[in-house]
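A.B. asks: show me the folded form of this:
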Amino acid sequence: MSIVKINALTVPDEQREVLEKRFGARAGAVESSDGFEWFELLRPIEGTDQYLVYTRWRDEAAFQAWMEGPMKAAHQGPQDGDRPKPAASASTVWSFEVVQQAAPKR
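C.D. replies: Got it, this is the predicted structure:
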């Protein structure tokens, strides 16, 4: 079964727009990765300052291959010292196995 990775990003109010623009600028970067199944960036509405980045993968190996390849390259940024300041002040990755799922009936 698939695995889900949820990255909980603590984002101060003044950095929300920056975070969303950065994700928008990288749109399409993960979709062609082998084993990739789904992505969502979830904006908090109330009660928290944490964005959730939801990704679903065929298996752990596919996720790790993306982490060590395209994701790592995308987050390294320029090597000339002009790397932008992170938009999030903290990050925690949660990992889950999908054991049950349902889709809408058609």
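
A.B. asks: strands of this structure, residue ranges please.
C.D. replies: Per DSSP state E, the chain carries strands over the ranges 3-10, 36-42, 50-57, 90-97.

A.B. asks: and the contacts of the second one?
C.D. replies: For strand 36-42, the external contacting residues (C-beta atoms under 8 Å, 6 or more residues apart in numbering) are 2, 20, 23, 30-31, 51-58, 62, 66. Where you see a C-beta, it was placed from the backbone N, CA and C, and this is true even at glycine.

A.B. asks: now the last one
C.D. replies: Counting contacts by C-beta under 8 Å, 6+ apart, the residues outside strand 90-97 that touch it are 1-10.

A.B. asks: looking at this protein, which helix or strand is least sure?
C.D. replies: Lowest on mean pLDDT, DSSP states H and E among the helices and strands of the chain sits helix 72-76, with a mean of 66.

A.B. asks: quick revisit: out of the strands of the chain, which gets nearest to Pro70?
C.D. replies: strand 36-42 (9.9 Å; C-beta to C-beta).
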